[in-house]
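In: Provided below for reference: sequence and predicted model.
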Amino acid sequence: MTIAIIIGEISLGVVSGIGIGAFLAGSVLAYFLFTALLKKRRDTLMKEAEAEAEVIKKDKILQAKEKFLQLKSEHDKNFNERNSKLVQAENKIKQKEISLNQKFEEAQRAKKEVDVIRENLNIQLEVLEKKHEEVDKLHRQQVEQLGIHNRAEICNLT
């Protein structure tokens, strides 16, 4: 074998070794580059997903606040309506109570007036009965006097 063949074989071995080494180095380099690209892509996608999630979260919070305000507004409206009806009913009851109290006081005054009139009539009746008794007594006395005078006259006539 000649040196040229040996050198050719060695060169071929070296070139093959260099080629395999370069291939392996390229594969490793491609792997790391591909991994770095995938990591960068993953990080970008994660940031985009987090940003989108934050937007969705804020939107949902806003929707929840709007719903809460709507429900609160409806509740306040219903509460105010009920409260208004309650106040109206209370006022109506107070008016009826005032009216009944006035009628009761009027009835009490009328009863007192009737009692005073009844007492006055009883007093007048007693006075009238006393006068009637006096009149009857005077009438009897006059009848008796007339009776005595009439007897005396009868006696004088005889």
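Out: Right, received. Where do you want to start?

In: tell me the mean pLDDT over whatever helix or strand residue 147 lives in?
Out: Following DSSP states H and E, one finds residue 147 within helix 3-157. Helix 3-157 shows a mean pLDDT of 88.

In: Return the distance of stretch 119-133 from the chain's centre.
Out: Its chain's C-alpha centre and that of stretch 119-133 lie 68 Å apart, by Cα atoms, centre = their mean, to the nearest Å.

In: Using CSV, list the CA coordinates for it.
Out: Extracted in CSV, the C-alpha atoms of stretch 119-133 (Å, rounded to 0.1, in the frame of the first residue of the first chain):
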residue,chain,number,x,y,z
GLU,A,119,-129.2,65.9,85.6
ASN,A,120,-130.8,69.3,85.0
LEU,A,121,-134.0,67.6,84.0
ASN,A,122,-134.0,65.4,87.1
ILE,A,123,-133.4,68.5,89.2
GLN,A,124,-136.3,70.3,87.4
LEU,A,125,-138.5,67.2,87.9
GLU,A,126,-137.7,67.2,91.6
VAL,A,127,-138.5,70.9,91.8
LEU,A,128,-141.7,70.4,89.8
GLU,A,129,-142.7,67.5,92.1
LYS,A,130,-142.1,69.6,95.2
LYS,A,131,-144.2,72.4,93.6
HIS,A,132,-146.8,69.9,92.7
GLU,A,133,-146.9,68.7,96.3
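
In: start the count at 48, not 1, going forward
Out: New numbering, starting at 48: the last item is stretch 166-180.

In: circling back: could you say what helices and strands the helix holding residue 194 packs with?
Out: Using 3 or more Cβ pairs under 8 Å, 6 or more residues apart in numbering; DSSP states H and E, no helix or strand is in contact with helix 50-204. All C-beta atoms are positioned from the backbone trio N, CA, C, and that covers glycine.

In: Residue 138: neighbour count?
Out: Around residue 138 there are 10 other residues, counting by other Cβ atoms under 10 Å.

In: Next one: it from residue 131, what distance?
Out: 11 Å (Cβ to Cβ, to the nearest Å).
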